[in-house]
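Student: Structure of the sequence below:
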Amino acid sequence: MKRQQRRPPSNKPRKLSDLTVSEITAHLTSKITRNATPNCVSAWKQRLGPNIPFSKIFASFGTPLSDPSEERQWRKLVHRAIFVRGRNPNAPDQNCRLCRTHKESQLHLFQCMHTLPLWRQCLKFTQQILGAPQPFKLEHAVILGMRTPTVLLPEVARAFLRHAFQHFYHDFANVDVKEGTFTWQYVYRNALLSFRDALLRYGRKVRVLHSHRTFTSLTDGAPQEAKDRFSMCMDCDEVHGAVIKKELSDEIEKADAAAKATTN
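Tutor: This next block holds a predicted model:
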């Protein structure tokens, strides 16, 4: 493969098992793209600023708390593949389906008066519960996961925001598809529940890792670094897996009550 030494450092002939999925994918993709820059890069730079470090953003895809299915809509957003009314020049109505005042664009999803409360609440959660610093701009934080023009938000905050966008777009799309109603309090509640499930899933992985290592010649127990990785919102050990901290549990209860209050 390109840029790959004919022999590994051991000087032994390479084996088929040396070809990882990531290496094969990168090799085949390079033949198609020929190192072309995705159109989304220039498009977002026109709207959000010229100095966005997309190499960092693309490298941040996937976290221990957000798998590809949970990041599906957010990744489409980064690639500017989210469907909005403004993308269809033949649509009878290009106005936002929520405010019905401004043209519905991908950037407007974060500026609409009906969605701003959601994104502000999500960022407030990342700061107060997850310990993330305040980002310099809301759009950069939610769309790209950026804290400053050059620095990413902490991993745990980025994971939660991707859960939030996943649930947001589900309810947002259903306004047109199923004539549903959009209530940001429900989106926030559902994002918290999804995020909690991801934390519990991570805790189970740590517990399974510990069990596997206990009965092998590998290092005893899971690495302490893995157990402490998300200590701001859960306690993790080999016996119980993940135990959600009181602050997060209280926030979920509060969000659930707020969501139910909108229907009373």
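Student: Work out for me the element residue 243 sits within.
Tutor: Element membership for residue 243, per DSSP states H and E: strand 241-244.
Student: can you give me the helices in this protein?
Tutor: 21-33, 39-48, 54-59, 72-78, 116-128, 138-139, 155-177, 184-214, 224-228, 246-261 (DSSP state H).
Student: and the strand holding residue 243, average pLDDT?
Tutor: Mean pLDDT, strand 241-244: 87.
Student: Which secondary structure elements does that strand sit against?
Tutor: helix 184-214, strand 234-237 (3 or more C-beta pairs under 8 Å, 6 or more residues apart in numbering; DSSP states H and E). Bear in mind the C-beta positions are built from the backbone N, C-alpha and C, glycine included.
Student: Rebuild the ones you listed as a markdown table, extending it with mean neighbour count and mean pLDDT.
Tutor: Formatted as a markdown table, those follow (neighbours: other C-beta atoms under 10 Å; pLDDT from 0 to 100):
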| stretch | mean neighbour count | mean pLDDT |
| --- | --- | --- |
| helix 184-214 | 19 | 90 |
| strand 234-237 | 18 | 88 |
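Student: Now tabulate those in TSV and tack on distance to residue 169.
Tutor: Output for the helices and strands packed on strand 241-244, formatted as TSV (distance: least, C-beta to C-beta, whole Å):
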stretch	distance to residue 169
helix 184-214	9
strand 234-237	26
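Student: per-residue confidence for residue 77?
Tutor: 98.
Student: you'd agree it is up against residue 143?
Tutor: Yes: taking contacts as C-beta atoms under 8 Å, residue 77 lies within contact range of residue 143: 6.3 Å.
Student: who's more crowded, those two?
Tutor: Higher neighbour count among residue 77 and residue 143: residue 143, with 25 against 22, using other C-beta atoms under 10 Å.
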